[in-house]
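Peer 1: A structural model of the following input is requested.
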Amino acid sequence: MPIIRDLSELPKTARGGAVAIGNFDGVHLGHLRIVQRLLQRARAVSGPAIVFTFDPHPVRILRPDECPPPLTWTERKAQLLAQHGVTKIVAYPTDEALLRLSAQEFFDKIVCQALDARAMVEGPNFFFGHHREGNIEVLGQLTAAAGISLDVVQPFEQDGAIVSSSLVRQLISAGEVARAARMLSAPYRIRGMVTHGAGRGVKLGFPTANLEAVDTLLPDMGVYAGRAWLGAESYPAAIHLGPNPTFGEAFAKVEVHLIDHHETIYGEPLEVEFLERLRDIVAFDDLAQLVKQLEQDVAHSRIIAAQS
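Peer 2: Numbers count the residues shown, from 1 in each chain. Modelled structure (predicted):
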């Protein structure tokens, strides 16, 4: 699905529908609850189901030192939302002009004039406008005055906790990728470019793709079972995230062994899903111990990927 970034080029098919505004970082189960209601309201008004999000997150401009790494890049976010029925994605370029708009101005310019919204769907903690002056109560007043319906969707709870981007981020940072996956619409995924490494993996019989330029949150250091995506093709993967203490290296790297893939992919983009954490990173006394452990990691990764 093409991502709309310029409201002056907004097609007619992206007007007159149901709109949900927010960051949708991670596209978790709470977001999907909003999307489900959005689709219902879009059908009721015979219009498109539109998600209006921001690129980058407003906090990155307002308080860059406080902005956490994102869980999803914009294209991935749009892909996940489209898979669940959203018909149009707007990723508005966040700038100072947008952040200076009052709540009334944002509502008039974005919701009414640009999108011609007939319905809105939001969570109870929705804020908008300069200094977050607009909340869900203010939005209710504005939508009522404009003749736009407003649905307020309650958060999604799992295991006694409210599912949120912050909670998912905490779990991933702690390496709890399997638990995080249960809160997400798909297993957690990162992307990067494959670069040259030390070449030790090839000599040991386990060639790895060294991933750099990752622009989203990295899980905690460890060895993981996952799946790697080269374009539309996917492969089971064993992922090493951290240093290589066996070889005296202290700096962290992302190394991905694509199981049953034997071609060179230097310079290629690679996406990697984290399915389950297998173990901590440890230093081995000799290469024989290391190879034995790698064999076990690959075998476990193959089984876990096949079951996912």
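
Peer 1: and the closest residue in space to F127 that isn't next to it in sequence, how many neighbours does it have?
Peer 2: Sequence neighbours aside, N135 is the residue nearest to F127 in space, at 5.6 Å (criterion: C-beta to C-beta, 6 or more residues apart in numbering). In this view, the C-beta of every residue, glycine as well, is placed from N, C-alpha and C. If you count neighbours by other C-beta atoms under 10 Å, N135 ends up with 15.

Peer 1: Next, the residue minimising distance to the centre of the chain: secondary structure please.
Peer 2: Centroid check for the chain by C-alpha atoms, centre = their mean gives T72 as the closest residue, at 2.3 Å. Under DSSP: H, G, I helix; E, B strand; the rest coil, the three-state class of T72 is coil.

Peer 1: And the helices in the stretch 51-200 of the chain, which stretches?
Peer 2: Applying DSSP state H, counting those that start in this stretch to the stretch 51-200 of the chain gives helices spanning 58-62, 74-83, 96-100, 103-106, 136-146, 165-173, 177-183, 200-204.

Peer 1: Pretty sure E66 sits against V59.
Peer 2: Yes: here E66 lies in contact with V59, judged by C-beta atoms under 8 Å, at a distance of 6.3 Å.

Peer 1: Compare neighbour counts for the two and give me the winner.
Peer 2: With neighbours defined as other C-beta under 10 Å, E66 and V59 compare such that V59 has more, 15 against 8.

Peer 1: Now do the contacts for F156.
Peer 2: By C-beta atoms under 8 Å, 6 or more residues apart in numbering, F156 lies in contact with 28-30, 32-33, 162-163.

Peer 1: Same check on V152?
Peer 2: Contacts of V152 (C-beta under 8 Å, 6+ apart): 122-124, 136, 140.

Peer 1: Run through the chain and note the low-pLDDT ranges.
Peer 2: 198-199, 201, 203 (pLDDT under 70).

Peer 1: Okay, domains of it per the record?
Peer 2: Under the assignment automatic domain parsing, the domains of the chain span 3-158, 187-307.

Peer 1: Rebuild the ones you listed as CSV, extending it with distance to Q170.
Peer 2: Formatted as CSV, the domains of the chain follow (distance: least, C-beta to C-beta, whole Å):
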stretch, distance to Q170
domain 3-158, 10
domain 187-307, 10
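
Peer 1: packing partners for the longest helix along the chain?
Peer 2: The single longest helix within the chain, with elements called by DSSP state H, is helix 287-307. Counting contacts by 3 or more C-beta pairs under 8 Å, 6 or more residues apart in numbering; DSSP states H and E, helix 287-307 is packed against helix 200-204, strand 222-230, strand 233-242, strand 269-279.

Peer 1: re the thing from before, which one of the contacts of F156 is nearest to Q83?
Peer 2: L32 (10.2 Å; C-beta to C-beta).

Peer 1: Just give me the neighbour total for the closest one.
Peer 2: 20.
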